[in-house]
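**Student:** coords below, sequence missing:
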């Protein structure tokens with residue numbers, strides 16, 4: 001029988017934290033997969049000789065981290081990875097000024113360049129058709145901010161899925177929500193007609209290269225897309241730039 005008292009730790013984590021780590025180690029050791037059942041609370045209590053309260057707290061911690069799915073009357077099960085927890089972390093970091101909007105954009109730029117290149121190599125015909133349709137929707141909705149942004153988000157999501165790397169879709173989704181929220185707070189939705197057409201043209205160039213199977217060209221098109229948006233003033237700059245902000249290039253989603 002394993003006793004948690006024998007587990008060394010210089011930082012002396014709480015008992016529930018030790019139980020959570022034991023469960024994570026068990027997942028690795030047993031090679032469990034999403035959908036597999038985790039040990040019951042009673043089984044863990046007996047094995048580790050700890051109270052049910054400590055085990056229950058450990059399970060709640062892992063559920064909050066997106067590791068476990070807990071439903072009343074059922075054993076906890078491993079959960080498929082979700083962008084929810086990462087999105088909360090990124091949103092918190094932005095809200096508390098631990099990272100800047102520019103830094104988020106720079107990180108997303110690196111991820112989406114690779115995504116575009118991989119999508120050019122791996123996209124299937126249905127995904128190519130979807131990308132073309134979404135560009136057409138963006139162009140038809142130039143004057144409708146909500147519709148255009150919905151098509152924009154769907155386009156980038158489709159690119160991430162077409163990359164065949166699930167981490168691209170995960171990180172893109174996690175970055176997107178806090179980035180859009182911050183943009184709404186800092187700049188709102190106002191753009192000139194010329195800027196909106198430029199946005200659509202930039203997306204169309206990406207889609208053209210992806211559909212042509214041109215990985216290098218897709219990467220260049222995505223780089224151009226983000227090089228336009230990287231000129232966005234930071235929140236601190238926006239507070240002092242005043243009218244200059246209106247003259248600078250806006251973020252291109």
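**Tutor:** Nice, thanks for sending it over. The structure displayed is predicted, hence computed values, not measured ones.

**Student:** only C-alpha atoms for contact and neighbour calcs from this point on.
**Tutor:** Noted.

**Student:** With adjacent residues omitted, what lies nearest to residue 56?
**Tutor:** Spatial nearest neighbour of residue 56, chain neighbours left out: residue 41 (6.9 Å); criterion: Cα to Cα, 6 or more residues apart in numbering.

**Student:** Could you give the number of residues near the one you found?
**Tutor:** Around residue 41 there are 19 other residues, counting by other Cα atoms under 10 Å.

**Student:** What are the phi and psi values at it?
**Tutor:** With angles defined as degrees, to the nearest 10, residue 41 sits at phi -60, psi -40.

**Student:** Settle this for me: it is touching residue 55, isn't it.
**Tutor:** Yes - assessed by Cα atoms under 8 Å, residue 41 is found in contact with residue 55 at 6.2 Å.

**Student:** buried sites along stretch 49-57?
**Tutor:** Residues of stretch 49-57 classed as buried: 50, 52, 54, 55, 56, 57 (neighbour count, 16 or more other Cα atoms under 10 Å).

**Student:** With distance to residue 67 and pLDDT added, can I get those residues in JSON lines?
**Tutor:** Converted to JSON lines, the buried residues of stretch 49-57 look like this (distance: Cα to Cα, whole Å; pLDDT from 0 to 100):
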{"residue": "50", "distance to residue 67": "21", "pLDDT": "92"}
{"residue": "52", "distance to residue 67": "19", "pLDDT": "90"}
{"residue": "54", "distance to residue 67": "17", "pLDDT": "91"}
{"residue": "55", "distance to residue 67": "15", "pLDDT": "92"}
{"residue": "56", "distance to residue 67": "14", "pLDDT": "91"}
{"residue": "57", "distance to residue 67": "14", "pLDDT": "93"}
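
**Student:** Check what pLDDT residue 100 gets.
**Tutor:** At residue 100, the model reports a pLDDT of 86.

**Student:** how many neighbours does it have?
**Tutor:** Applying other Cα under 10 Å, we find 18 residues neighbouring residue 100.

**Student:** just residue 128 next, same as before
**Tutor:** Residue 128: 21 neighbours (other Cα under 10 Å).

**Student:** can I assume it sits in a helix?
**Tutor:** Yes - under DSSP: H, G, I helix; E, B strand; the rest coil, residue 128 sits within a helix.

**Student:** who touches it in this structure?
**Tutor:** Residues near residue 128 by Cα atoms under 8 Å, 6 or more residues apart in numbering: 207, 210, 211.

**Student:** mind redoing it with 6 Å?
**Tutor:** Taking Cα atoms under 6 Å, 6 or more residues apart in numbering, we find residue 128 in contact with residue 211.

**Student:** Likewise for residue 34?
**Tutor:** Applying Cα under 6 Å, 6+ apart, we find residue 34 in contact with 78, 79, 80.

**Student:** Look up how far residue 111 lies from the residue nearest to residue 56.
**Tutor:** Remark: distance between residue 41 and residue 111 (Cα to Cα, to the nearest Å) = 39 Å.

**Student:** All good on my end, thank you.
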